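# Below are the sequence and a predicted model; questions follow.
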Amino acid sequence: LRTMNVSNNCSTTNLELHHHVRLIELALYSFIFFFGALFNVLAFWVFSCKMKKWTETRVYVMNLVFADFSVICTLPSMVYLLWNESARGQLCQFTEMMYFINMLVSIYIISFISMDRYIAIKHPLRARTFRSPTKAALICGLLWLLVISSATIQLWQRHSALCFQTHSPTPAALSLLTIFFVFILPLAILTFCSTEVIRNLKKHLNTNSAEEKSIQKAVHIIYANLIVFLICFLPACLGLLATFIMERVGVTCFLLCVMNNFSSVVRCIATSNCCLDSVCYYFVTKEFHEAFLPDRCEGALLG
């Protein structure tokens, strides 16, 4: 058993999830698994069969669908591990590794899509140099390689008893870097790019009344994507920061247990993003196809 620096008696046994929290996770994961599998299979069919031309958007979204579906595939194992603590070991470590690899890839691909959209709208002339399906595929390939390498090294070094635990015996600097690169940086990228694109689109609202409805739809969907991302990932980010502060400051084992249960629930909320991604980006593609300035926006936003 691992002893915490905040309490001599606070071990992994003391920090187990409450029975009601396990029931909540079971219900949420079951819901996410059913609808996530359904939506991602439909999204894969739309982007692989209905879109004939390979564009930047199609490359990013296909990688996003694959990452999200891979997260969905880990959920049965996660539910099994909820009720079978004795099974924690290599199965739990492998499930944790697959979950975090694909979740992190999903988060960054969402950021890449927003960056690609930003470059296309704000810098349409430079976009021809920076954007292409080949470059998008290369970026995604490098992302997969980097995330798999770093996650494998980090997660396989952890003790099996700490599987899916928010607290771990890592240096403070490493914990802060993890929080920054996993949540804060992608959130900052998405927020900046989305707000800039929205501001640029709104400049054209009064230029042509016939295009105004399409522009408003595009703006609303960017808002929806940003809000979904915030709802899904901001609680998890705040939970990690709170756990980090509590462990360093020194609190009772009871408070750490409460935070551990809270973090488990918000992880479910973060996982629900895998259901919503396919819906959001299907509508992004559909609505942006009808948006204003075909030469600039359709080519920019759809690739």
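Nice, I can see it.

# list the buried ones in stretch 31-42?
Buried residues in stretch 31-42, counting neighbours by 16 or more other CB atoms under 10 Å, are found at 32-33, 35-37, 39-40. All C-beta atoms are positioned from the backbone trio N, CA, C, and that covers glycine.

# again with stretch 137-157
Buried positions in stretch 137-157, judged by neighbour count with 16+ other CB under 10 Å: 137, 139-140, 143-144, 147, 151, 155.

# Generate TSV for the buried residues of stretch 31-42, with pLDDT and distance to M97 as supplementary columns.
Rendered in TSV, the data for those read as follows (pLDDT from 0 to 100; distance: CB to CB, whole Å):
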residue	pLDDT	distance to M97
I32	93	19
F33	94	19
F35	91	24
G36	91	19
A37	92	21
F39	88	24
N40	88	20
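
# Going by distance to H220, which of those wins?
Sorting the buried residues of stretch 31-42 by how near they are to H220, with CB to CB, puts F39 at the top with 19.9 Å.

# what about the closest one, distance to I215?
Going from F39 to I215 by CB to CB, to the nearest Å gives 27 Å.

# Taking the centroid of the protein, which residue is nearest it?
If you average the C-alpha coordinates of the chain and look for the closest C-alpha using CA atoms, centre = their mean, you land on I107, 3.2 Å from that point.

# Report all helices and strands that the helix or strand hosting T74 contacts.
T74 is part of helix 56-83, with elements assigned from DSSP states H and E. Contacts of helix 56-83 with other secondary structure elements, assessed using 3 or more CB pairs under 8 Å, 6 or more residues apart in numbering; DSSP states H and E, are made with helix 19-45, helix 90-122, helix 133-156, helix 273-288.

# P186: which of these is closest?
helix 90-122 (4.4 Å).

# and the angle for that closest one with helix 56-83?
Orientation note: helix 90-122 sits at an angle of 150 degrees relative to helix 56-83 (axes from the mean of the first three to the mean of the last three CA atoms, to 10 degrees).

# mean confidence for helix 90-122?
For helix 90-122, mean pLDDT is 88.

# All good on my end, thank you.
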